[in-house]
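Trainee: build the 3D model from these lines:
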Amino acid sequence: MSGAAGRRGSWAAKAQPDGVLSSSLTAPPPRRPADPFDIERVREDFPILRQRVRGKTLVYLDNAATSQKPQVVIDAVSRFYTDENANIHRGVHYLSERATEAYDEVRETVARFLNARSGREIIFTGGTTDGINLVAQSYGRSQLKPGDDILITVMEHHSNIVPWQLLCEATGARLRAVAITGSGELDLDSFEQLLGDRTRLVAVAHVSNALGTINPVKQLIALAHARGIPVLVDGAQAVPHLRVDVQDLDCDFFVFSGHKVYGPTGVGVLYGREALLEKMPPYRGGGDMISTVTLQHSTWAPLPAKFEAGTPMIAEVMGLGSALEYVTRLGLDSIGSWEHELLSYATQRLGEIEGVRLIGTARSKAAVVGFLLEGVHPHDIGTILDDQGVAIRAGHHCAQLVMERFGISATARASFAFYNTPAEVDSLIAGLHTVKKMFA
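Mentor: Presented below is the predicted three-dimensional model:
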């Protein structure tokens, strides 16, 4: 990934300190990247991409919000309901045994995908938000007290802010935030200064959903661990683009959502260090998470069942397993390289448009570009592009602290996946020229 990031130097020189792009006559012309794999064949795996929107072929550039699903994922969900539908872990009949075996196999798939030590460290959740709330309400409530600090950053998604605010209200702890620079990078001096004797937990995004910034999470974890402080990493925007190794990162918790990584909605993963999970009390009570129940007292099932109360999202877990296997076959290194080439190309093309201001020009970025167009509200940009068949996101992206940092209320955001193409970038640019003409 570092090599791909380095190749962005050709366009970075065109970005001014305030993020305004200029069409410098000395800058090289935009270079259309070469495919690392058969992109047209890959696109055939995604049936929704064949759809026409308002009479035009869909150009889907809202992947940071949710990614599209390959046919193998759709088939996995359908196959469960068609051939295997039964509750798991409780039945002795054939369908229940098949469903249980398939469900448990996906847990091992996730463990391999993240390089967890065992499946006992993998908890299925409703998504990133659910996983963060689990840690906040289980680990946080059992550990924090008045006067303690939780450290986050200004670039966090609301899902990595609000659960900690609720925890602070309940425990008397204090929420503190690390500053970011004008380019959208984390201020490491601020991080080290805020790590104090009262810091009890650090929660940080691996990749910013609004800025695309890839944070140096391994370095941050090492700094926190030197003080004995555990770290939760919000990996929602990382797992679709980067190879993640939780043992190498040495994080204590890592969360992500299935729907960001080409899987179903409503399912996600919490990785937790086994020693911590063992000590944490259950977050929810119900069936399948107990060992014994009496009127006066209950005891808990071993990991990971202790944190998976009730009937889980079985079909969605099947789809998640297929999604992770799919991206593994394509290769995350190839995916990341292609997406960075698309990001570089898109940023160069945006430089052709007078009045474009980039929000987020970090040296290390994932495939997200947030921008403003002088004189046009982002919602108007999104609406006009939609009429051209181009889907982007416009708004604060559940990152209002980021918007406050840059003194704005919203941005337009194009976010790329491995199935996107340079021609789709060209469609985005053509649509923005239409926006400029309409608001001239």
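Trainee: now residue 152: how far from residue 184?
Mentor: Distance of residue 152 to residue 184, given as Cβ to Cβ, to the nearest Å: 16 Å. In short, each C-beta sits where N, CA and C put it, glycine included.
Trainee: in the stretch 1-150 of the chain, which spans are helices?
Mentor: 2-6, 9-12, 39-44, 71-79, 94-114, 128-135, 141-143 (DSSP state H, counting those that start in this stretch).
Trainee: can you redo those helices as CSV with mean pLDDT, distance to residue 263 and mean neighbour count?
Mentor: Compiled in CSV, the helices of the stretch 1-150 of the chain are given as follows (pLDDT from 0 to 100; distance: least, Cβ to Cβ, whole Å; neighbours: other Cβ atoms under 10 Å):
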stretch, mean pLDDT, distance to residue 263, mean neighbour count
helix 2-6, 34, 24, 13
helix 9-12, 31, 32, 16
helix 39-44, 94, 17, 14
helix 71-79, 98, 6, 18
helix 94-114, 97, 10, 18
helix 128-135, 98, 12, 25
helix 141-143, 95, 30, 14
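Trainee: need those in CSV (columns: distance to residue 307).
Mentor: Output for the helices of the stretch 1-150 of the chain, formatted as CSV (distance: least, Cβ to Cβ, whole Å):
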stretch, distance to residue 307
helix 2-6, 35
helix 9-12, 43
helix 39-44, 35
helix 71-79, 23
helix 94-114, 12
helix 128-135, 6
helix 141-143, 13
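Trainee: so for residue 315, which of those sits nearest?
Mentor: helix 71-79 (4.9 Å; Cβ to Cβ).
Trainee: helices or strands next to the closest one in the packing?
Mentor: helix 314-330 (3 or more Cβ pairs under 8 Å, 6 or more residues apart in numbering; DSSP states H and E).
Trainee: tell me the angle of the following helix or strand past the helix it packs on relative to helix 314-330?
Mentor: Toward the C-terminus, helix 314-330 is succeeded by helix 332-350 as the next helix or strand (DSSP states H and E). Orientation check (axes from the mean of the first three to the mean of the last three Cα atoms, to 10 degrees): helix 332-350 against helix 314-330 gives 80 degrees.
Trainee: would you mark the buried spots in helix 332-350?
Mentor: For helix 332-350, a neighbour-count test (16 or more other Cβ atoms under 10 Å) marks 332, 335-350 as buried.
Trainee: gap between that helix and the chain center?
Mentor: In terms of Cα atoms, centre = their mean, to the nearest Å, the centre of helix 332-350 is found 17 Å from the chain centre.
Trainee: same question, stretch 86-96
Mentor: Worked out by Cα atoms, centre = their mean, stretch 86-96 lies 33 Å from the chain centre.
Trainee: buried ones in that stretch?
Mentor: Neighbour-count burial for stretch 86-96 flags 86, 88-89, 96 (criterion: 16+ other Cβ under 10 Å).
Trainee: and these as a markdown table, adding distance to residue 65?
Mentor: What follows is these, written out as a markdown table (distance: Cβ to Cβ, whole Å):
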| residue | distance to residue 65 |
| --- | --- |
| 86 | 33 |
| 88 | 30 |
| 89 | 33 |
| 96 | 36 |
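Trainee: widest-spaced pair of the residues you listed?
Mentor: The largest separation in the buried residues of stretch 86-96, counting by Cβ to Cβ, is between 86 and 89 at 10.5 Å.
Trainee: please name the nearest non-neighbouring residue to residue 415.
Mentor: residue 64 (3.6 Å; Cβ to Cβ, 6 or more residues apart in numbering).
Trainee: what's near enough to touch that neighbour?
Mentor: Contacts of residue 64 were listed using Cβ atoms under 8 Å, 6 or more residues apart in numbering, and they are 209, 237, 260, 368, 393, 397, 413, 415.
Trainee: what is the nearest of the residues you listed to residue 218?
Mentor: Nearest member of the contacts of residue 64 to residue 218, counting by Cβ to Cβ, is residue 237, at 16.5 Å.
Trainee: wait, the closest one touches residue 366, no?
Mentor: Yes: the criterion here is Cβ atoms under 8 Å, and residue 237 meets it with residue 366 at 6.4 Å.
Trainee: gap between stretch 424-433 and the chain center?
Mentor: With Cα atoms, centre = their mean, you get 25 Å for stretch 424-433.
Trainee: in the protein, what helix or strand scores lowest on average pLDDT?
Mentor: Every helix and strand in the chain was compared by mean pLDDT, DSSP states H and E; the lowest is helix 9-12, with a mean of 31.
Trainee: about what we covered before: widest-spaced pair of the contacts of residue 64?
Mentor: Pairwise distances among the contacts of residue 64 were taken by Cβ to Cβ; the largest, 14.3 Å, belongs to 260 and 413.
Trainee: any weak-confidence spans in this protein?
Mentor: Along the chain, the parts satisfying pLDDT under 70 run over 1-35.
Trainee: please enumerate the strands of the stretch 201-350 of the chain.
Mentor: Along the stretch 201-350 of the chain, counting by DSSP state E, counting those that start in this stretch, strands occupy 231-234, 253-257, 268-272, 290-293, 298-300.
Trainee: quick check: buried residues in the first one?
Mentor: Residues 231-234 are the ones in strand 231-234 that count as buried (16+ other Cβ under 10 Å).
Trainee: what about stretch 386-402, distance to the chain center?
Mentor: 16 Å.
Trainee: quick check: end-to-end length of it?
Mentor: 25 Å (Cα to Cα, to the nearest Å).
Trainee: now do the buried residues in that stretch.
Mentor: Buried residues in stretch 386-402 (16+ other Cβ under 10 Å): 388-402.
Trainee: of these, which belong to strands?
Mentor: 390-391, 393-395 (DSSP state E).
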